[in-house]
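**Q** Sharing a model that was predicted from the sequence below.
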Amino acid sequence: MSAHAITREASLERDTSAETAVRHALRDIALGRMVVLVDDLSPEHGSCLVMATEFVTGKHVNAMTREAGGMICLALTSERCEQLELKPMVGRNENARGTAFMATIDAREGVTTGASAADQAHTMLVAIDPSSTRSDIVMAGCVHPLRGRPGGVLERCAHTEASIDLVRLAGCRPAATICGVQNDDGAVAGMLESRAYARRHGLQVVTITDVIALRRLHDRRIQRVVSTAMPTRFGTFSAVGYRSGDGGEHLALVKGQVDGKESVLVHVHRACTTGDVFHARGCTCGERLEAAMRSLEAEGAGVLIYLSSDAPAEALVEQVISELGVASTRVTPTAAPSAGGSCEHLVAGGERERWLDAGSR
Ligand SMILES: [Zn+2]
């Protein structure tokens, strides 16, 4: 990466003190420590201790019981809940907040009554072991699993989803052991009390807003996954494939040498299967794509960024340009419409095509 690229990266992650705190929290989680997750969006729900379940021991469970006092739960992804065939705790969930309490569980083997701190930790480890199946657990038991929504904290801003996202972003298996923080009198600890609690115990504090910001950043971050020479009708390009944190795949066609170059020709094209592949009448995407490739070939150097249809263009384009080491760009006029909005061809009512982006017609 060039120095220029690093500056770009830094501006993407604006280094504020809140972000430093989050980074420290991620490091602590990766080391098997607990952090305090504060619900700053709905403060009445208080805060909870969070740790990556893969590190949980009886000592941790005991410490949570004694030092935090709330209910200890095992936050699992919906995928994991399905693998273990966990059942919802009740048929019709009337929980005001929609917390997805699942039927309680114990490990089938390796526990006595299931109730001790060590037994609970063992059950949690069995539940998150990728090789475990339904037959390795029994229902009901002493561990309370919670089912996180598939979209994580971006789908539901609550402790369950935020804790799973947090441990995943720390590089751990996506399962969190959490415990509500209570005051000495048994009341749910408020924001200030939770921060004081964290200071007393030397723990990092993360808010749900922090986790949302972190998720957004992660979802947009791209990684180069492949790079190969690609001869085409229009000339030979090098095709560089990227994957973003949300699983999106993006492609850059690079012509010639662009690393460190000023005023590089850049086209941004948003994928439009109907136009790009089938050359459907009524959309000019395919033509614009071909024109872009021709112009890069004629210029002898430049980049065509091909974005998946629903990708957030601005952040991705900036990252791809940085990653390629381009010093400065010259965006072509034809890039504007396809970068601004996608030309989506939605079939409404089975027949009628709707053109969302009038500008691309
Ligand atoms: Zn189109």
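**A** Arrived safely. No experiment lies behind these values; they were computed from the predicted model shown.

**Q** the bottom helix or strand of the protein by mean pLDDT?
**A** Sorting the helices and strands of the chain by mean pLDDT, DSSP states H and E puts strand 352-355 at the bottom, at a mean of 25.

**Q** what number of residues lie near the closest residue to the ion within the stretch 101-250 of the chain?
**A** Among the residues of the stretch 101-250 of the chain, residue 250 lies nearest to the ion; the distance is 17.3 Å by CB to the ion. All C-beta spots, glycine's among them, are computed from the backbone N, C-alpha and C. Number of residues near residue 250 (other CB atoms under 10 Å) recorded here: 21.

**Q** I'd say residue 267 and residue 299 touch.
**A** No - with contact taken as CB atoms under 8 Å, residue 267 and residue 299 are classed as non-touching, separated by 10.4 Å.

**Q** Which one's more surrounded, these two?
**A** residue 267 (24 against 14).

**Q** Look up how far the ion lies from the residue nearest to residue 201 when sequence neighbours are not counted.
**A** In this structure, residue 201 finds its nearest non-sequential neighbour in residue 67, 6.9 Å apart by CB to CB, 6 or more residues apart in numbering. Residue 67 sits 58 Å away from the ion, going by CB to the ion, to the nearest Å.

**Q** Equivalent analysis for residue 61, please.
**A** Using CB to the ion, one obtains 55 Å as the distance from residue 61 to the ion.

**Q** before we move on, what SS does that residue have?
**A** Using DSSP: H, G, I helix; E, B strand; the rest coil, the structure places residue 61 in helix.

**Q** In this structure it contacts residue 115, no?
**A** No - counting by CB under 8 Å, residue 61 stays clear of residue 115, with 10.6 Å between them.

**Q** Who has more neighbours out of those two?
**A** residue 61 (23 against 13).

**Q** Please report how far the more buried one lies from residue 183.
**A** 21 Å (CB to CB, to the nearest Å).

**Q** so what's the residue of the stretch 101-250 of the chain closest to the ion closest to, chain neighbours aside?
**A** Closest to residue 250 by CB to CB, 6+ apart is residue 242, at 4.6 Å.

**Q** I figured residue 68 was touching residue 178, is that so?
**A** No - with contact defined as CB under 8 Å, residue 68 does not count as touching residue 178 (9.4 Å).

**Q** Please enumerate the shared neighbours of those two.
**A** By CB atoms under 8 Å, 6 or more residues apart in numbering, residue 68 and residue 178 have these common neighbours: 48, 49.
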